[in-house]
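> need the 3D shape of this:
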Amino acid sequence: MSEDNWSARVAKAFSRAAPHYDALANAQRHIGEALWQSLPGKAHHLLDLGCGTGYWTHRLAERYPAAKLAGLDLAPGMLEQARQRYGERIHWQVGDAAALPFDDRAFDLVFSNLAVQWCRDIGAVINELYRVLRPSGHAHITTLLPGTLEEIAFAWQRPEALLQTPSHASVERAITESGLTITQQTTTVERFYYPDLNAVMASIKGVGAQVARPNAQVTRADVVAAKARFESLRQPQGLPVSYHCLTLQLEKNR
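As a prediction, the model looks like this:
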C-alpha cells in the first residue's frame, strides 16, 4: 500500500471518529497526562502535533497564554471539531507529520501525544521535528511500541490488523540520525479494562484507531470466536487492552 493511500485512510478513519472522539478517548487522555507533567515552564512558539479535536492544544493555550500556538492533524474532521470548540486563536492546520507545512526553526516546543505511531516513516517524522525546532528547542512525545492492542489481535486472530508500530530501536536510531538528543525517555505498559468485547471495540473504533482493510469481512462466527478468546484473558477488572508506550523528551542542540 502506498504512503499516500495509507495517509488518506488514516485521515478518513479519524475524521469519521471525530464527533465521538472525546467521549471515548480515556486511554489517550490518561497516557497524555504523564507527558503533560514533563512540559517546561516557558514556551513562545508551540506546535501540537497530531492535535485531534484540540483537547491538549486548548490546554497548551491556557498554560502558555502569551505563546503562538498551532495544532496540526492529518484528519480534516478532527480539526473541524477543534475549530468549533476552541475558535481561531489557535492556528489549525491540516498536514502530515512526515512533511510539516511550517518554516524551518518555527517552534521552540513541540507536544505530541499518541500521534506519530500512525506515520509509516518514523525517520521522516523525526527529521521534520529537527527541521522545525529552534536551537535549544524541545519535543515532548508519547508514541506506541509493538505489543500495543495485543489482546485484540489475539481475540480476532488477525495480527495483521494491528497498527504496525516502529520498534524502540528504530525510533532511537531515527533520533540519533536526525541530530536530536534524547534527554529523557521511559517505556511503560498501560492497561485499561472493559466489561465486554463490544466496549473494547467501541473504544478502538470510537477514537479512529482502526483503519479499514480492503476485503475485510467479519462473520457472526468470527465474532463468537473472538468473544470466547477474549474471555480467556478476562481479569477481575474486566477485559484488558494494553498500550506499550514510549515517552520521549528530545532537544535540538544546534
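> contacting residues around the residue of the chain positioned farthest from its centre?
Within the chain, the residue lying farthest from the chain centre (C-alpha atoms, centre = their mean) is Ala221, at 32.2 Å. With contacts defined as C-beta atoms under 8 Å, 6 or more residues apart in numbering, Ala221 is in contact with no residue. The C-beta positions use only the backbone N, C-alpha and C, and glycine is treated the same way.
> my read: Leu180 touches Gln249, true?
No - Leu180 is beyond contact range of Gln249, at 10.2 Å (criterion: C-beta atoms under 8 Å).
> now the common contact residues for these two.
With C-beta under 8 Å, 6+ apart, Leu180 and Gln249 have common neighbours Ala139.
> the two: who's more crowded?
Between Leu180 and Gln249, counted using other C-beta atoms under 10 Å, the more crowded position is Leu180 (22 against 18).
> got the phi/psi numbers for the more buried one?
Dihedral angles of Leu180 (phi, psi; degrees, to the nearest 10) stand at phi -70, psi 160.
> show me where the stretch 51-200 of the chain has strands.
According to DSSP state E, counting those that start in this stretch, the stretch 51-200 of the chain carries its strands in the segments 68-73, 91-94, 107-113, 133-144, 181-194.
> run through the neighbouring helices and strands of the shortest one.
With contacts defined as 3 or more C-beta pairs under 8 Å, 6 or more residues apart in numbering; DSSP states H and E, strand 91-94 has these neighbours: strand 68-73, helix 76-86.
> ok, back up a step: the residue farthest from the centre of the chain belongs to a helix?
Yes - counting by DSSP: H, G, I helix; E, B strand; the rest coil, Ala221 falls inside a helix.
> distance of it relative to Lys227?
Applying C-beta to C-beta, to the nearest Å, the value for Ala221 to Lys227 is 11 Å.
> any idea how far stretch 111-119 is from the middle of the chain?
Relative to its parent chain, stretch 111-119 has a centroid offset of 3 Å by C-alpha atoms, centre = their mean, to the nearest Å.
> can you list the weak-confidence ranges in the stretch 51-200 of the chain?
Residue ranges of the stretch 51-200 of the chain with pLDDT under 70: 159-163.
> now with 80?
Within the stretch 51-200 of the chain, the stretches with pLDDT under 80 are 158-164.
> ok, Asp222 - how many residues close by?
Count around Asp222 with other C-beta under 10 Å applied: 13.
> now the helices and strands packed on strand 91-94 in TSV, with mean neighbour count?
Output for these, formatted as TSV (neighbours: other C-beta atoms under 10 Å):
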stretch	mean neighbour count
strand 68-73	24
helix 76-86	18
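> for those, give me TSV that also has distance to Gly123.
Shown next, in TSV, are those (distance: least, C-beta to C-beta, whole Å):
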stretch	distance to Gly123
strand 68-73	19
helix 76-86	25
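> of all these, which one is nearest Thr188?
Across the helices and strands packed on strand 91-94, Thr188 has its closest neighbour in strand 68-73 (24.7 Å, C-beta to C-beta).
> can you list the strands that the closest one pairs with?
Sheet pairing for strand 68-73, assigned by DSSP bridges, gives strand 45-49 (parallel), strand 91-94 (parallel).
> ranking these by burial, who's on top?
Mean neighbour count, computed with mean count of other C-beta atoms under 10 Å, is highest for strand 45-49 among those, reaching a mean of 24.
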